[in-house]
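**Student:** The following block contains a protein sequence and its predicted model.
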Amino acid sequence: MPAVSKGDGMRGLAVFISDIRNCKSKEAEIKRINKELANIRSKFKGDKALDGYSKKKYVCKLLFIFLLGHDIDFGHMEAVNLLSSNKYTEKQIGYLFISVLVNSNSELIRLINNAIKNDLSSRNPTFMCLALHCIANVGSREMAEAFASEIPRILVAGDTMDSVKQSAALCLLRLYKTSPDLVLMGEWTSRVVHLLNDQHMGVVTAAISLITCLSQKNPDEFKTCVSLAVSRLSRIVSSASTDLQDYTYYFVPAPWLSCKLLRLLQCYPPPEDGAVKGRLVECLETILNKAQEPPKSKKVQHSNAKNAILFEAISLIIHYDSEPNLLVRACNQLGQFLQHRETNLRYLALESMCTLASSEFSHEAVKTHIETVINALKTERDVSVRQRAADLLYAMCDRSNAKQIVAEMLSYLETADYSIREEMVLKVAILAEKYAVDYSWYVDTILNLIRIAGDYVSEEVWYRVIQIVINRDDVQGYAAKTVFEALQAPACHENMVKVGGYILGEFGNLIAGDPRSSPLVQFNLLHSKFHLCSVPTRALLLSAYIKFINLFPETKATIQEVLRCDSQIRNSDVELQQRAVEYLKLSSIASTDVLATVLEEMPPFPERESSILAKLKKKKGPGAVSVTELEDNKREGGELNGGGDRGPDTAAMAASNASTPSPSADLLGIRSAAPVGAPPASTGSLLVDVFSEAGPAAPSAAVNDDGFLRDLEQPTETSDSLLVEGSGDSDSAPPSEDPAPPLSEADELLNKFVCKNNGVLFENQLLQIGIKSEYRQNLGRMYLFYGNKTSVQFASFTTTVSCPGDLQSQLNVQTKPVEPLVEGGAQIQQVLNIECLTDFSDAPLLNIKFRYGGALQNLTLKLPVTINKFFQPTEMSSHDFFQRWKQLSQPQQEAQKIFKANHSMDTEVLKAKLLGLGTALLDNVDPNPENYVCAGVIQTKSQQVGCLLRLEPNAQAQMYRLTLRCSKDSVSRRLCELLAQQF
């Protein structure tokens with residue numbers, strides 16, 4: 001880079017920066033900036049032509065003002081003029097201003113492209129690098145269209161200097177990432193690949209980044225790079241630290257280039273050429289050997305560089321999975337890192353060994369480190385390292401060590417972090433099922449799992465144990481005995497009650513011979529838990545009671561008395577009331593034979609994939625590495641004989657017919673009466689209770705509103721689209737181009753309005769869009785304000801609101817037309833009427849088109865219409881809140897997220913956001929005063945959805961746990977997604 005002369009110091013800029021730093025207040029700073037902007041504007045508009053130095057100085061000041069957060073709407077042409085200067089400093093400032101401030105849609109883009117073309121063809125390496133840097137920084141599609149064919153020619157030209165080649169390779173990489181369809185290598189492919197043989201290491205380093213990216217998309221076109229990469233890697237690995245002095249980093253030759261070469265080779269299978277493969281194996285062995293050598297420096301940079309190459313080499317060995325000796329050596333060297341004092345190295349070692357455990361060649365070698373891994377699970381202070389240790393135990397488990405690993409994981413569960421408990425539970429359940437040597441151990445393990453971590457045992461886990469017990473005659477008696485003993489504990493988790501009720505209802509007769517577990521004792525034990533359980537569990541227990549009448553006729557009078565009491569047949573919950581009434585009637589009028597037929601034992605389940613395994617597959621992270629292996633080897637050895645899940649549909653068909661709507665469908669008591677003519681509850685099988693789903697919620701009554709949005713028109717039956725265009729005069733034809741895709745920041749702009757209704761939705765140099773909205777029940781009205789920030793008229797101004805996909809049937813948006821002409825400095829208003837038909841997740845799209853100075857402006861935003869806008873706050877007492885909370889016990893009705901705080905955890909700010917959400921903020925409800933609880937009803941035209949919210953902040957860890965329970969699962973998930981980004 002040319003030296004900056006003494007005269008280029010720009011004293012005026014230094015004085016201005018000093019003045020800004022000396023300002024005592026924000027007002028003083030703004031006043032000084034406005035004064036400077038006025039001065040610069042007068043200089044640019046003055047009659048006297050400015051020299052290059054003055055232009056550069058004033059453009060620099062504008063750039064500094066922009067970096068302070070102020071808008072700059074002039075000076076762009078002066079910056080473009082600087083590009084034509086022959087002085088490096090002036091050209092550099094011009095390119096810097098353009099890279100930061102010029103929009104890809106700017107009218108100046110053609111002038112800028114011409115200046116860049118001139119510099120690229122100038123053969124001045126400094127100017128060429130500046131132009132390439134500008135192209136890469138802007139990286140727009142327009143830049144790619146203009147230069148994507150020119151840059152490869154510069155990259156492979158024989159007379160191009162090395163520094164320019166480096167910049168060209170990285171510039172082409174940037175364009176390929178933003179517009180891959182425009183960067184077509186074609187004839188340049190082989191010449192780009194041969195850059196790996198370039199003598200300049202900097203060129204090779206830049207080129208390999210480009211080749212790696214291209215190889216991932218088009219591996220066949222670039223497969224010739226493998227042999228060249230191996231050759232270059234061999235030369236680096238075999239060289240001494242003194243051979244590559246300019247590229248040696250703390251005695252490690254070219255560590256970054258080595259890592260990139262190893263990463264490139266991971267894009268391809270092992271080389272087919274024996275000589276190339278042998279040379280590569282030799283390189284990998286050399287890397288493993290060098291990692292064992294005593295360090296040449298005590299500096300951390302030396303060990304980091306060595307370890308980076310080692311881990312990348314191990315990743316390549318794992319990727320090939322074809323060299324047993326290398327795999328075992330890699331495993332042994334990773335084992336040395338398991339007790340390293342550096343936490344990051346322990347983490348990386350555990351993560352890599354998870355993958356090694358799935359290889360047949362290295363599985364046994366991984367198992368030798370089991371004690372070290374168990375110790376890490378118990379003693380590590382970092383939760384992420386403990387999680388990787390648990391993942392590795394899961395991956396290395398087989399029939400020989402299953403009992404030990406499951407026992408250790410169960411022991412760890414008692415103190416495990418709540419963020420990983422559910423995944424741990426799934427893994428324990430899968431391992432216990434896959435490697436069970438006898439069924440009694442499996443039953444003991446799952447019941448112990450429920451006892452230790454009952455809150456995190458999903459329905460799939462206890463469904464699975466029931467399926468296996470039903471499918472295995474030899475374990476039914478033991479399961480009944482074990483669950484009976486487990487239920488005798490004073491504090492018994494509700495999932496244990498569910499399993500106990502189901503198994504005793506089916507197989508309680510197998511242990512009834514023992515006086516200690518006689519029929520009445522079994523019934524009294526189950527009924528003692530009844531009042532503590534949620535509605536779905538009580539419904540299951542009622543089904544177990546009717547099964548008892550069939551199994552044990554001597555209990556009939558006692559159970560009928562329970563069913564006959566007012567708390568059952570007059571229960572406020574329609575599901576429990578209907579079951580009690582129908583079971584009582586069934587037990588009274590049906591003969592013994594009819595009862596035996598209706599209430600016979602469940603038939604075996606059909607063979608299917610374990611739903612626990614399917615659920616774990618959805619989990620992210622290295623813990624799922626060996627799930628595929630588990631699935632592939634599923635039938636190997638001692639897998640339990642239980643089939644897969646019987647889904648809700650299958651279970652329902654096995655029952656007499658459907659059940660009534662779930663109690664959770666009416667969370668807040670919105671509907672005062674049950675639907676007339678509801679089908680009777682099934683008495684054919686307990687599985688109806690286990691797998692029952694919420695029935696469809698009854699539609700809410702039509703909203704009567706006193707004049708609010710009275711001009712909202714209903715859509716006509718013939719309308720097949722909710723697309724409404726703002727039309728102007730017929731003389732002013734709207735632009736015919738298709739709407740632009742939503743802006744990249746559209747989601748971010750939408751999220752700013754989740755907890756507020758007014759503000760600036762969008763703003764750029766030309767246009768400002770303000771928004772003001774109000775909502776009542778399922779109706780809303782939104783005012784959009786379009787402000788012209790320029791002095792030039794906007795012509796052919798049109799707006800289009802569209803509801804993409806399913807949103808057409810979920811939301812009705814009607815617009816009033818806007819004026820087609822927007823004068824400079826003027827503002828126009830548009831009114832939108834909104835009706836929520838049913839719950840939704842997407843947002844309507846607002847497309848705006850207009851012509852500014854003859855150029856078409858086309859942008860698309862997401863309107864901030866989210867499901868929470870239709871909340872109606874609901875006040876309730878602590879007792880009512882937690883009663884409703886408990887009723888919503890089905891897993892699909894709950895959405896939970898644990899996340900780090902993105903903003904200050906100020907109490908008043910949190911309260912304001914929760915109130916802005918639209919719910920009622922309930923005081924003195926949660927036992928922990930630090931927590932926040934809210935309640936509300938989402939009003940739609942078709943139904944009302946009750947929602948409860950609980951936000952638990954942890955100020956010390958700067959984290960939140962957000963839990964939402966709604967009577968509709970899609971609403972829970974959507975609200976959780978929206979809210980997690982607000983705190």
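**Tutor:** Thanks, I have it. Given the structure is predicted, the values throughout are model-derived calculations rather than measurements.
**Student:** Following element in sequence after the host helix or strand of Ser167, please.
**Tutor:** Ser167 is part of helix 162-178 when elements are defined by DSSP states H and E. As assigned by DSSP H and E, the chain's next helix or strand after helix 162-178 is helix 189-193.
**Student:** returning to what we had before: the helix holding Ser167: which residues count as buried?
**Tutor:** 163-176, 178 (16 or more other C-beta atoms under 10 Å). Quick note: C-beta positions are derived from backbone N, CA and C, even for glycine.
**Student:** What is it packed up against?
**Tutor:** helix 125-138, helix 141-147, helix 151-156, helix 201-217 (3 or more C-beta pairs under 8 Å, 6 or more residues apart in numbering; DSSP states H and E).
**Student:** redo that, cut-off 6 Å
**Tutor:** helix 125-138, helix 151-156, helix 201-217 (3 or more C-beta pairs under 6 Å, 6 or more residues apart in numbering; DSSP states H and E).
**Student:** Contacts for that helix next, please.
**Tutor:** 125, 128-129, 132, 135-136, 139, 144, 148, 151, 154-155, 183, 200, 202-203, 206-207, 209-210, 213 (C-beta atoms under 6 Å, 6 or more residues apart in numbering).
**Student:** Can you flag the buried ones in those?
**Tutor:** 128-129, 132, 135-136, 139, 144, 148, 151, 154-155, 183, 200, 202-203, 206-207, 209-210, 213.
**Student:** So Val945 is in contact with Ile938, correct?
**Tutor:** Yes - counting by C-beta atoms under 6 Å, Val945 touches Ile938, with 4.3 Å between them.
**Student:** circling back: a markdown table for the helices and strands packed on helix 162-178, including mean pLDDT and distance to Pro490?
**Tutor:** As requested, the helices and strands packed on helix 162-178 are exported to a markdown table (pLDDT from 0 to 100; distance: least, C-beta to C-beta, whole Å):
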| stretch | mean pLDDT | distance to Pro490 |
| --- | --- | --- |
| helix 125-138 | 92 | 68 |
| helix 151-156 | 90 | 75 |
| helix 201-217 | 91 | 59 |
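**Student:** Now do the buried residues in stretch 210-229.
**Tutor:** Neighbour-count burial for stretch 210-229 [16+ other C-beta under 10 Å]: Leu210, Ile211, Thr212, Cys213, Leu214, Ser215, Phe222, Cys225, Val226, Ser227, Leu228, Ala229.
**Student:** tell me the average confidence for stretch 218-236?
**Tutor:** Averaging pLDDT along stretch 218-236 yields 90.
**Student:** how about that stretch as CSV, C-alpha atoms only?
**Tutor:** The C-alpha trace of stretch 218-236 is given here as CSV (Å, rounded to 0.1, in the frame of the first residue of the first chain):
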residue,chain,number,x,y,z
ASN,A,218,-20.1,-29.0,-8.0
PRO,A,219,-17.9,-31.8,-6.7
ASP,A,220,-17.5,-33.5,-10.1
GLU,A,221,-16.2,-30.4,-11.9
PHE,A,222,-13.5,-29.9,-9.3
LYS,A,223,-12.5,-33.5,-8.4
THR,A,224,-9.0,-32.9,-10.0
CYS,A,225,-8.2,-30.7,-7.0
VAL,A,226,-7.8,-33.8,-4.8
SER,A,227,-4.4,-34.9,-6.1
LEU,A,228,-3.1,-31.3,-6.1
ALA,A,229,-4.4,-30.8,-2.6
VAL,A,230,-2.7,-33.9,-1.4
SER,A,231,0.6,-32.9,-3.1
ARG,A,232,0.5,-29.4,-1.5
LEU,A,233,-0.4,-30.9,1.9
SER,A,234,2.5,-33.3,1.7
ARG,A,235,5.0,-30.6,1.0
ILE,A,236,3.7,-28.5,3.9
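**Student:** Now do stretch 152-163: distance from first to last residue.
**Tutor:** Length of stretch 152-163, first residue to last, C-alpha to C-alpha, to the nearest Å: 15 Å.
**Student:** That stretch: how far from the chain's middle?
**Tutor:** 42 Å (C-alpha atoms, centre = their mean, to the nearest Å).
**Student:** Tell me how far Ala115 lies from Cys129.
**Tutor:** Taking C-beta to C-beta, to the nearest Å as the measure, Ala115 falls 15 Å from Cys129.
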